[in-house]
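J.: predicted model, plus sequence, below.
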Amino acid sequence: MDVNEKKKAAAHAALAYIKPGMIVGVGTGSTVNFFIDALSQSRIDVEGYVASSIATEQRLKAAGLTVLDLNQTGDIPVYVDGADEIDPYFRMIKGGGAALTREKIVASASRQFICIVDDSKEKGMLGQFPLPVEVLPFARSYVARQLVKMGGNPTLRQGVTTDNGNVILDVVGLDFTDPVNLEKEINNIPGVLDNGVFAKRRADVLLVGGDSGVQTHKPHF
């Protein structure tokens, strides 16, 4: 099974968590795009969808699905999104699509986070994928220097402006022994809006598409 088929299988499996009348948070990325396609085909009668990015909002609307403003919804029953990496404790690196801040906001506003991935995204420890950090343009150089002091090697993602009008620094070389503390430490740097470590708000359910189908994992900690 090729990687797109694995992504598609995981995305379709997430439909089981979508119930009529719900408000559903929707993430960003290639796997989520398969989920949006599946939603369009299923036509589950939900109240509407909260998008984590402008790209997702546009794709939902193009599929004829109702998009709601998070400021009007209150807490969300379920959020479906992918990950660039996920470890055995359901902690993730996200932000390959530069939507990490809004993704974290919608995930944090949701009671249940369903993570949909292909099996290449499962890692014993985070840190192989460069960590995205969203930074105010004014503070880019200052934040980069602070990340270097932490042992990181930051690179400006060229040609990318986030939906919030900011830039992305992709960082390699950081120590992921304690992802919760790392997430907090980076966010404490003035000028950082947020970073792609999802350790405080982990996934609640992991759906992994692989050669033998979709495996469902729930935390045992």
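T.: Yep, it's here.

J.: show me where this structure has helices.
T.: In the chain, the helices defined using DSSP state H lie at 3-13, 30-42, 54-62, 70-73, 100-108, 140-149, 179-187.

J.: export the ones you listed to CSV and tack on mean neighbour count and mean pLDDT?
T.: Yep, even glycine has a C-beta here, placed from its N, CA and C like the rest. Converted to CSV, the helices of the chain look like this (neighbours: other C-beta atoms under 10 Å; pLDDT from 0 to 100):
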stretch, mean neighbour count, mean pLDDT
helix 3-13, 20, 97
helix 30-42, 19, 96
helix 54-62, 17, 97
helix 70-73, 12, 95
helix 100-108, 23, 98
helix 140-149, 16, 98
helix 179-187, 18, 98
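
J.: compare those and give me the one nearest Thr162.
T.: Nearest of the helices of the chain to Thr162, taken as C-beta to C-beta: helix 100-108 at 7.1 Å.

J.: residues in contact with that closest one?
T.: Applying C-beta atoms under 8 Å, 6 or more residues apart in numbering, the contact partners of helix 100-108 are 25, 27-28, 50, 52-53, 70, 76, 79, 81, 94-95, 113, 132, 134, 162-164, 193-196, 198, 201.

J.: centre-most residue in this protein?
T.: Of all residues in the chain, the one closest to the mean position by C-alpha atoms, centre = their mean is Lys94, 4.7 Å from it.

J.: is it true that Gly29 touches Gly96?
T.: Yes. The criterion here is C-beta atoms under 8 Å, and Gly29 meets it with Gly96 at 6.8 Å.

J.: can I see the domain layout of the protein?
T.: The chain resolves into domains spanning 3-124+200-217, 131-193 when parsed by automatic domain parsing.

J.: between Gly29 and Gly96, tell me which one has more neighbours.
T.: Counted by other C-beta atoms under 10 Å, Gly29 and Gly96 do not tie: Gly29 has more neighbours, with 25 against 21.
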